[in-house]
Each structure stands twice: as C-alpha cells, then as structure tokens.
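Student: Structure, please.
(2 chains)
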Amino acid sequence: MDERRPSSWSSTSRTRLRKAARAARSLYRILRANPLTFVGFIMVMFIAILSVLIVGVPFITGLFGTPVGILPHDPNELLPCAVPTECAAPPSLQNWFGTDNIGRDMFSRVLAALPLDLVIGFTVAGFALLVGTGLGLVAGFWDTPGTVGGTLSVAIMRVTDIFLAFPSLVLALAIAASLGRGTVPALIAIMVTWWPFYVRLVRGEVLAVKHLPYVAAARAAGVSGLQILSRHVLRNILEPLIVYYTMDVGTVIVTFSTISFIGIGVPPTIPEWGSMVESYEKLLLTAPWTVLAPGAAIFLTVLAFSLLGDGLRDILDPRSRRALVQTATAPGLPAVKASAAEA
Amino acid sequence: MEPLLRVEHLSLDYEVGAGTFHALRDVSFEMMPGRVVGIVGETGCGKSTLGQAIPRLLPEPPARIREGRVVFQGTDLLSVPKWKMPLVRGTSIGMIFQEPINSLNPAYRVSDQLMEAVRIRKFRESGETEVFRPAEGFDYSKDRPVDPKEAMGRTFLPSPPAARSAGARRGSEELRIDALEYLRLVRINDPETILDLFPHELSGGMRQRIMIAMALSEKPTLLIADEPTSALDITIQAQVLTLMKELMDEVHTSILFISHDLGVIAEMADDIGVMYAGSIVEFGPVGEVFDRPAHPYTKALLKSVPNRYKEDGVLPSLPGSVPNLSRLPSGCPFHPRCVFARPPCEPDPGPSLEPVKGAPVGGGHRAACYYSDEVFRLP
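Tutor: Numbering: from 1, shown residues only, chains lettered A, B, ... in the order given. Here you go, the predicted structure:
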C-alpha cells in the first residue's frame, strides 16, 4: 500500500507522468491488438495532420512574408493546356490526380477541400451531439408523466418527431435553399436537421440504462439525481454515442456534399468534394479522374472515422479493454489481476 | 424507547395498464434500534416493495402510496419533499439489493464506487451540506451551525484548479484508505488489488461483499437487506450470511432483512414479520413465531420447510395459489386456502393485526387472524 501512496514531496508530478505513460502504453497496446482500429487511427491521424498542414503552413509562412502552401498548385490556378479545347489531362507525374476541364490541378483541389469538409463534419456532428445529448438526457431521465420533467420530456420528443418526420436531407435542402447559396447557410441547414437523431439515440439509451440495478443501487446510496445522470447514466451511454458520432462525421460530409452536389451549398470557386463531384459530373465518361478523386476522398475519410469509431467502443468498454490489453501483452505474463479476483 | 422505524398503515398500489395492484395493504410494524427484523413471504407478497417503499425508491407512478406513514427517527418520510430524499438514503437508510451481478456500475472500478459512497458520508458528516435533519430529537451530524452561503459555496462553486488539486488528492487518498478499511471489514483478501478491478472481474459473492461494504461505508442507521443472498449459490450464500451475522455484532446497525428463506430469517432476525398478499399477517419475536405460530399461513409455511432431510414422504404444501393482487378475495385474503376458515373470515373488513391471546404479554406477538389463539394453542 505504501508504494501507492505518494508520500514524498516530489512524487506527485512523477506519478502523474507515470500515469500518462501508462495510459499511452495501454492505448498503443489496444491499437496493436485491433488491426482495423489501428488502420482507422493511422488514417485519422494522417488526415488530421494533413489538414493542419494545409491550413497552418500558409498561415505561418504568411506571417513572415509571402505565404507558402504545401499544395503543388493553387486550387483555382489555370494550368496551361496542351490542347486548348480539351484541357482535362489524365493523372501524370506532374498532376497526380490529373486536371479538370479548365486546367485546374485535381490533387490540389481535393487536398484544399479537406480542412473545410472536416470542419463541416465535426461542427455539425458536434453540435448535434451536444444538443441531442442534452435534450435526450433530459427527455430520458425525467420522463415521469405528470411532473414538470415529464411534460418537458414529452415536448422534447414531439418536437424531435416533427423534425424526424421530414426526410432530413429534404428539410436541409429546403432550409439551405431559403437561406441562399453559400457555405454557412448549408452548414446551418444541416445543423438544424441533424440533432433529432441524437435525441432519439440518447433517450433510448438512457431509458435502458436508468432501470438497471446499479442505478437503483446508486439511488439507494444517496447519490442525487443529477449526479446519477452525469456519473452513472451518461458514462454508460457513452459507448454507443461515441461510435455513432465518429461514424456520423462521415455521414455529415456526405450529406453536405450532397447539398453541394445539388448546387445549393458552397460556390464553385471554393473547392469542396461534393460540389466537385457535381460540377465534374458531365466529365464522368471523358475524364473520370475528376469525379473519382473527390469521391475517393469522401470514401476514405468516412472509412477512416468509421473504423476508428468502431474500435473506440471496444476501448470505452472496460470489459473488452481489459481483454484487449491482456491479449496484447506477452502470452507468458500471468494475468495477475484476473486471477486475484477469483481468490 | 422510541422505535427507530415505525410503519403505520402503509398501503401502496401499482397502477399499471392491467389494473391496480394492491402491493401493500395496511402494513404496520415497529423496529427498535439495534434489532434485526426479518420479513418473510412468498414471491410477489410485497416484501421487496415494502423494502423499497421505506426509503421511497419506488418510481411514482406506477407506484402510488395510498395512505400511511413511514416514521423514521421521528420524521414521516412520506412528507419529506422528494428532492430531499437522497439525503436520507445511504447515510440514514442504506440498502443492499438482490442482484449483486448488476448492482455495481460496469464502467467504474471498485475504488471509484466505494469511494463515492465514503465521500457521500464524509460530506454529510462534515456538515458542509444541508443534511436531512428531522424536526427534533435527532442529532444527525455535528452540531456546528452552518452558514448557508458557505455551504452553498462549498457545494456548488468549483474552487480554482490549483487550490483544488492538492486538497483533492489528499482527500482522495483519505477516501481510498477508508474504502480499503471497509473492504477488510467484509473479509476481502488483498483489498488493494480488488480496489483497482472492474466489477466484471469479480465473482458474484465478491460483488455482494462489495455491495455490503458500500452500504456499510455510509454507516447507515437502518440497513435494508433485500434478499441479499438469493442470487448467490449455496456455499457463497452461507459465506455471505456468516459475514453479515458477524458484521451485525461489529457495526450495531438495525437491519430490515427481507428474504423468502425461513432458515435464513431464523438465523439472522430477532423479530419476524410474515407477509401474505401485501399485508403482514403475523409479527413477533422469531423464536416464538417459529415455535408457536398464531396464523394458519405461518403454520403452513413452516410445515413446508424440509426438515433435516428425513425421508418421510411427500413434503406438505399449501393448496391453491397466491391471490392476484388486483382481485383479492374479500375479508381475510388467506381464507380461500385456509383450513381454519369459517364464515366470519369472508366478509370485509378482514382481521387486523391483533395481539395473540395467550402469548406472553409484552412479547409483541401479533397475528391477523380471528382464531389466532386457537392456532397458537395447537401443537
């Protein structure tokens, strides 16, 4: 017991360091034990670093003089065409993803769209997560009919139902169209339509969890309602929620792309994957790379987040986490803790 | 002496789609401090409902308390506002549940949950929060007057992180040491290892020990044990019962022990209440009720306990089945199955809990039967 208790003056920061190192090590083990999660993790890290570089490098170099980007070309720069009437060039060493019909470098355009699409995915899904979780917790936890909470719960759920009654894409399109063309109106449109799914999800999970014996046990132990909600209920619905969120980031990007594809979202001068697919649709047969490159970018981003999200569930659940860590350690090591529990 | 708990004419219904179920009907009993009261009865007779109605843990609706009082240390708990009830639970009335398998939160380590319980108790002991203070005659915590503003500040305003971290760490170390002590109290070997485990890594018996440790770590005045051993297999059951019996002498808590197992009750309880169809039909000191039951139902129940594994033919069983709680028979609810039933048993209202004629005076042996003296005198 004594070695656990930090008694000397310097030990607190050291224990903290050791704790962080242990957490990092176990994260590494979990990722190693689960190859698909590992792939997802690497992909997401790559995407994140890339988008930081795409935005950050021009910004920082801009502080000291002319901004220098990491993209080979400006996404709107018109490259000289070999044949003036037919500008679309297939992928080559100079233009990895080829060029489009007016001579813009597709590789630069696809990469330039990455930060925007990520921001859209995270903000819309994040906003929905916050609003939906808040409303869902209230609606699920205080649902006793006849009380203030019960009335509020019914009100929340009926408003949610109204939103869910419309196909969310159609509703988003209607809102985006009425707000006018642009990135921000499209963003608002998706935000407005996105949260009801989270309310449903969270409420369902809360209803399932709040009748479990450990919640009753916590109540019997004198834990107040708010603490039960935040400590016991929320923690146990986190797993499905995080998984849904990470996958949802991909779905939002697709939906936003769809809105752009229809032509309501971002203006064509701003590179965005959905609007690119839309504007190059005519070239699908003559210059397929112009459509395939942004399409593949959407696909890979969604895939990366889905893989990571699936693995996150295993990490959040103490059961599978322990199992993962134990299988990941050397097989010769005895599983000390598990055997101690049986004693 | 003032009783610790006095349940008076408690009636409770469950209002569900299929109708109104009278889960508790006019339940009255008293519990003296330091006594162990056992409640016994068949499945569905309302014993768990009674156990959960006392600290008001039942969700209302579907549960609805029709009438009655639950006087705990001089305060009627049914008149305490609902938001104050958490302050009664845990430290004043603790509870151990039936399902140890699911009664621990799977997401947290044992230490987190045990320390949460210890923290609740310490917080209330420190007097820094408004604790449940019944009107009079009950010194719940230290008599230091608390400035409400100070209490509010301490409770709700987070202190600056720098100031908090050092204190919080020292605090959590203290909580941990306290938690370890309670694990040792419930005879857990190697408590330091156990403290860092997750519930799914423990066996059912271990989990129930931890639940007991959690309940005891809040030092409850009254502990309600709702079938604490029913979900465990027989050897673990014996271990947990032995543990609880030993703990009773160590911690001096009054216990309301709910079980369907007459043997367990005989072992644990000082007083026993026999429940049938939502009401207590017999109440009295354990030895007396077991030796000379005064209610036909108790008599039949005792007869159906296998006795020393003798091979003496078919085990006697009670004819008929438990009445549907939404359509109870008139009068005495037991009369359709009772061998002593006579015409007066049928009309409403049925018999109420009266002292048994012929039982030792002051023993508190009571039965809800018109012919209790007759049953009592039978061999």
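
Student: Look up the pLDDT of whatever residue of chain B ends up closest to chain A for me, please.
Tutor: Per C-beta to the nearest C-beta, residue B:90 is where chain B lies closest to chain A, at 2.6 Å. Any C-beta I mention is one placed from the backbone N, CA and C, and that applies to glycine too. What the model reports as pLDDT for residue B:90 is 81.

Student: same deal with residue B:320?
Tutor: 77.

Student: Over to residue A:107?
Tutor: 88.

Student: In this structure residue A:54 contacts residue A:109, no?
Tutor: No: using C-beta atoms under 8 Å, residue A:54 is not in contact with residue A:109; the gap is 11.8 Å.

Student: picking that back up, tally of neighbours for the residue of chain B closest to chain A?
Tutor: Using other C-beta atoms under 10 Å in any protein chain shown, residue B:90 has 27 neighbouring residues.

Student: Next: residue B:342.
Tutor: Neighbours around residue B:342, by other C-beta under 10 Å: 10.

Student: do residue B:252 as well
Tutor: By other C-beta under 10 Å, 9 other residues sit near residue B:252.

Student: quick revisit: more neighbours: which of residue A:54 and residue A:109?
Tutor: Using other C-beta under 10 Å as the criterion, residue A:54 and residue A:109 rank with residue A:109 on top: 27 against 20.

Student: Now for that one: which residues touch it?
Tutor: If a contact means C-beta atoms under 8 Å, 6 or more residues apart in numbering or on different chains, then residue A:109 has A:75, A:100, A:271, A:276, A:293, A:294 as its contacts.

Student: now the helix or strand harbouring residue A:31: how far from the chain's centre is it?
Tutor: Using DSSP states H and E, residue A:31 maps to helix A:11-33. Centroid separation between helix A:11-33 and its chain, computed with C-alpha atoms, centre = their mean, to the nearest Å, is 25 Å.

Student: helices and strands around that helix, which ones?
Tutor: helix A:35-64, helix A:289-316, helix A:318-328 (3 or more C-beta pairs under 8 Å, 6 or more residues apart in numbering or on different chains; DSSP states H and E).

Student: coming back round to it: dump the contacts of residue A:109 into a markdown table; add distance to residue A:87 and neighbour count as well.
Tutor: What follows is those, written out as a markdown table (distance: C-beta to C-beta, whole Å; neighbours: other C-beta atoms under 10 Å in any protein chain shown):
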| residue | distance to residue A:87 | neighbour count |
| --- | --- | --- |
| A:75 | 15 | 19 |
| A:100 | 7 | 25 |
| A:271 | 17 | 22 |
| A:276 | 16 | 27 |
| A:293 | 16 | 23 |
| A:294 | 18 | 27 |
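
Student: List the residues that contact the residue of chain B closest to chain A.
Tutor: With C-beta under 8 Å, 6+ apart, residue B:90 has these contacts: A:220, A:221, A:222, A:223, B:117, B:120, B:121, B:218, B:220.

Student: shouldn't the last one be in contact with residue B:88?
Tutor: Same thing as residue B:220. No: in this structure, residue B:220 is not within contact of residue B:88 by C-beta under 8 Å, at 10.0 Å.

Student: Which pLDDT value goes with residue 202?
Tutor: Using chain A. Reported pLDDT for residue A:202: 92.

Student: other chain: chain B
Tutor: At residue B:202, the predicted lDDT confidence score is 85.

Student: What distance do you get for it to residue B:330?
Tutor: With distances taken as C-beta to C-beta, to the nearest Å, residue B:202 is found 50 Å from residue B:330.

Student: higher neighbour count, those two?
Tutor: residue B:202 (23 against 12).

Student: Wait, that one touches residue B:196, no?
Tutor: No: contact criterion C-beta under 8 Å: residue B:202 and residue B:196 do not qualify, at 11.5 Å.

Student: what do those two both touch?
Tutor: Joint contacts of residue B:202 and residue B:196 (C-beta under 8 Å, 6+ apart) are residue B:110.

Student: who does residue B:72 bridge with?
Tutor: residue B:5, residue B:75 (DSSP bridges).

Student: Who are the contact partners of it?
Tutor: Counted by C-beta under 8 Å, 6+ apart, residue B:72 has contacts B:4, B:5, B:54, B:88, B:92, B:93, B:134, B:222.

Student: Now for the second one, how many residues are close by?
Tutor: Counted with other C-beta under 10 Å, the neighbours of residue B:5 add up to 23.

Student: Could you pull up the residues touching it?
Tutor: With contact set as C-beta under 8 Å, 6+ apart, residue B:5 has these partners: B:30, B:31, B:54, B:70, B:71, B:72, B:73, B:222, B:254, B:256.

Student: Of the residues you listed, which belong to strands?
Tutor: Counting by DSSP state E, the contacts of residue B:5 place B:30, B:31, B:70, B:71, B:72, B:222, B:254, B:256 in strands.

Student: Could I get the pLDDT score of the fifth one?
Tutor: In this case it means residue B:72. Listed pLDDT for residue B:72 reads 83.

Student: and the gap between it and residue B:114?
Tutor: Going from residue B:72 to residue B:114 by C-beta to C-beta gives 25 Å.

Student: cool, the last one as well?
Tutor: In this structure, residue B:256 and residue B:114 are separated by 23 Å, where distance is defined by C-beta to C-beta.

Student: Please report which of the contacts of residue B:72 has the highest neighbour count.
Tutor: Neighbour max across the contacts of residue B:72 (other C-beta under 10 Å) = residue B:93, 29 neighbours.

Student: doesn't residue B:220 make contact with that residue?
Tutor: Yes: counting by C-beta under 8 Å, residue B:93 does reach residue B:220; the two are 6.0 Å apart.

Student: now the helices: where do they sit in the stretch 201-343 of chain A?
Tutor: When assigned using DSSP state H, counting those that start in this stretch, the helices of the stretch 201-343 of chain A occupy the ranges A:213-220, A:225-227, A:234-262, A:273-279, A:289-316, A:318-328, A:336-342.

Student: so where's chain A uncertain?
Tutor: For chain A, residues meeting the criterion pLDDT under 70 lie at A:1-12, A:82-85, A:320-343.

Student: Residue of it nearest chain B, please.
Tutor: residue A:222 (2.6 Å).

Student: Would you state the strands of the stretch 51-200 of chain B in chain order?
Tutor: Assigned by DSSP state E, counting those that start in this stretch, the stretch 51-200 of chain B shows strands spanning B:63-72, B:75-76, B:93-96.

Student: Check those strands for me: which has the lowest mean pLDDT.
Tutor: strand B:75-76 (a mean of 82).

Student: Does residue B:319 lie in a helix or a strand, and which?
Tutor: Counting by DSSP H and E, residue B:319 is part of no helix or strand.

Student: contacting residues around it?
Tutor: Applying C-beta under 8 Å, 6+ apart to residue B:319 gives the contacts residue B:337.

Student: go on, residue A:286?
Tutor: So residue A:286 contacts residue A:88 (C-beta under 8 Å, 6+ apart).

Student: mind checking the backbone torsions on the closest residue in space to residue B:221 that isn't next to it in sequence?
Tutor: Residue nearest to residue B:221 in three dimensions, not counting chain neighbours: residue B:92, with 5.3 Å by C-beta to C-beta, 6 or more residues apart in numbering or on different chains. Taking degrees, to the nearest 10, you get phi -90, psi -50 for the backbone angles of residue B:92.

Student: Contact residues of the stretch 151-300 of chain B facing chain A?
Tutor: Contact residues (C-beta under 8 Å from any C-beta of the partner chain) of the stretch 151-300 of chain B with chain A: B:169, B:173, B:180, B:189-190, B:192-194, B:196-198, B:200-203, B:206, B:211, B:214-215, B:218.

Student: Okay then, goodbye and thanks.
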